[in-house]
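Visitor: This is a predicted model, with the sequence first.
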Amino acid sequence: LKKINIALDGFSSCGKSTLAKALANKLEYTYIDSGAMYRAVTLYFLRKGIIDGDDVQEDKIDEALSELWIDFFYNPETGKSETLLNEENVENEIREMEVSRNVSRVALIKKVRTRLIGIQQIQGQAKGVVMDGRDIGTNVFPDAELKIFMTADTDVRAQRRFEELTKKGASVTLEEIKANLADRDHQDTTRAENPLLQAEDAYVIDNTNLTQEQQFEMALGWSMEIINS
Ligand code: C5P
């Protein structure tokens, strides 16, 4: 069977990773969460004091990037792929608000993007990858055989993210999440380097009123059509 790459882009908290994981699972492909990579770099920069309040210490970025390595491993206990930063499992920490508040700012930095895109392109070389993010179909894998662009109503996205975080025991308010989503959408769509953009040849899923099952069936249908063609 022919192996393809699937690029899944869209706004924050649209359910990209849920769909990407389900597709990868069904097709027996590798799922890669590119947002987790930007989050891991952000966590590293916060720990090193490279970002501190509004300050970014530009002169320390090269060294920091040369020291860090990001990897994923399958954790049989949780049944999930988790993020490693220099071999430390940071999967939970990178989802915290402190990282969410700073990640889009770090994702603006050209050196950071160049480094991460390089890693992502290597990960996709052998095909059979489902990668979700913001610039996968436009920049990382412009030749991906299938590109999907996801969107949903902002209030619906905020509510979903709120439920996800409170279920994990985080103390956040819906307002805080809404503000964070609006802020990240703005930064992601207006930045100079690789902004969030719908690829011309992308299939669009607006999942405001779709179940996970419905989205999965649509995406699997497109995948199989391409794989079998
Ligand atoms: O996907 P997630 O919301 O975890 O991504 C966190 C942030 O990383 C996004 O808000 C965006 O600023 C950045 N990002 C990016 N390019 C990607 C994936 C994520 O700029 N391919």
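Guide: Nice, I can see it. Numbers count the residues shown, from 1 in each chain.
Visitor: how about the CA coordinates for stretch 141-149, as PDB?
Guide: Extracted as PDB, the C-alpha positions of stretch 141-149 are listed here (Å, rounded to 0.1, in the frame of the first residue of the first chain):
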ATOM      1  CA  PHE A 141       5.300  19.400   3.800                       C
ATOM      2  CA  PRO A 142       4.100  21.500   0.900                       C
ATOM      3  CA  ASP A 143       4.000  18.300  -1.100                       C
ATOM      4  CA  ALA A 144       1.900  16.400   1.400                       C
ATOM      5  CA  GLU A 145      -0.500  14.100  -0.500                       C
ATOM      6  CA  LEU A 146      -3.400  15.100   1.800                       C
ATOM      7  CA  LYS A 147      -3.800  18.500   3.500                       C
ATOM      8  CA  ILE A 148      -6.700  19.300   5.900                       C
ATOM      9  CA  PHE A 149      -7.500  22.700   7.400                       C
END
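Visitor: how close does Ser100 sit to Gly128?
Guide: Ser100 sits 30 Å away from Gly128, taking Cβ to Cβ, to the nearest Å as the criterion. The way it works is simple: take the backbone N, C-alpha and C, and place the C-beta from them, glycine included.
Visitor: I meant Glu176, not that one.
Guide: The value you get for Glu176 to Gly128, if Cβ to Cβ is used, is 38 Å.
Visitor: thinking again about what came up before, pick out whichever of Ser100 and Gly128 has more residues nearby.
Guide: Ser100 (23 against 16; other Cβ atoms under 10 Å).
Visitor: and that one, what is it in contact with?
Guide: With contact set as Cβ atoms under 8 Å, 6 or more residues apart in numbering, Ser100 has these partners: 39, 180, 184.
Visitor: of those, list those near the ligand.
Guide: With Cβ under 6 Å from any ligand atom as the criterion, the contacts of Ser100 include 39, 184 near the ligand.
Visitor: Now go through the contacts of Ser100 and say which are in strands.
Guide: Among those, none falls in strands (DSSP state E).
Visitor: now, which of the contacts of Ser100 lie within helices?
Guide: 39, 180, 184 (DSSP state H).
Visitor: Can you tell me, leaving aside adjacent residues, what's nearest to the second one?
Guide: Think Asn180. Nearest residue to Asn180, sequence neighbours excluded (Cβ to Cβ, 6 or more residues apart in numbering): Ser100, at 5.7 Å.
Visitor: Spatially nearest residue to the most centrally placed residue in the chain, not counting backbone neighbours?
Guide: Nearest to the geometric centre of the chain sits Gly35, at 2.9 Å (Cα atoms, centre = their mean). In space, and not counting its chain neighbours, Gly35 is closest to Gly133: 5.8 Å by Cβ to Cβ, 6+ apart.
Visitor: Same check on Pro195?
Guide: Using Cβ to Cβ, 6+ apart and skipping the chain neighbours, the partner closest in space to Pro195 is Thr189 (5.6 Å).
Visitor: Check which helices and strands the host helix or strand of the one you found sits against.
Guide: Using DSSP states H and E, Thr189 falls within helix 174-190. Judged by 3 or more Cβ pairs under 8 Å, 6 or more residues apart in numbering; DSSP states H and E, helix 174-190 is in contact with helix 97-106, helix 154-167.
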